[in-house]
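Colleague: sequence plus predicted model, see below.
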Amino acid sequence: MVYGTDALILVEIDEPTLQANFDLIDEVRECSRLNGEALKRRVEMRYKSKVIPRQFKVSNLVMWSS
């Protein structure tokens, strides 16, 4: 301790407690869900930008491998 200063307890230092972690769990889940959705959309956009759409008809010849 230093002379002339107030002693601080952990709550005043903003040390997270178990209760505080439980209070924030919904926010963390929501952020994770949003990040997951954003990642899915980026992957989908990248896939769609590289795929060449093709239309096939009954009489078309296509290569078939088994």
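Modeller: On my side now, so go ahead. Numbering: from 1, shown residues only.
Colleague: quick check: mean pLDDT across the lengthiest helix in the chain?
Modeller: Across the chain, the helix with the greatest residue count (assigned by DSSP state H) is helix 18-50. Taken as a whole, helix 18-50 has an average pLDDT of 91.
Colleague: buried set for it?
Modeller: Within helix 18-50, no residue is scored as buried using 16 or more other C-beta atoms under 10 Å. To be clear about C-beta, it is placed using only N, CA and C from the backbone, and glycine gets the same treatment.
Colleague: spatially central residue for this structure, please.
Modeller: The C-alpha lying nearest the average C-alpha coordinate of the chain belongs to Asn35 (C-alpha atoms, centre = their mean; 2.4 Å).
Colleague: state the distance from it to Arg42.
Modeller: 11 Å (C-beta to C-beta, to the nearest Å).
Colleague: what sits in contact with each of those two?
Modeller: Counting by C-beta atoms under 8 Å, 6 or more residues apart in numbering, Asn35 and Arg42 have no common neighbour.
Colleague: mind checking how far the residue nearest to the centre of the chain is from Met63?
Modeller: 40 Å.
Colleague: what sits against Ser65?
Modeller: Ser65 neighbours (C-beta under 8 Å, 6+ apart): none.
Colleague: can you tell me the SS state at it?
Modeller: The three-state assignment at Ser65 reads coil, by DSSP: H, G, I helix; E, B strand; the rest coil.
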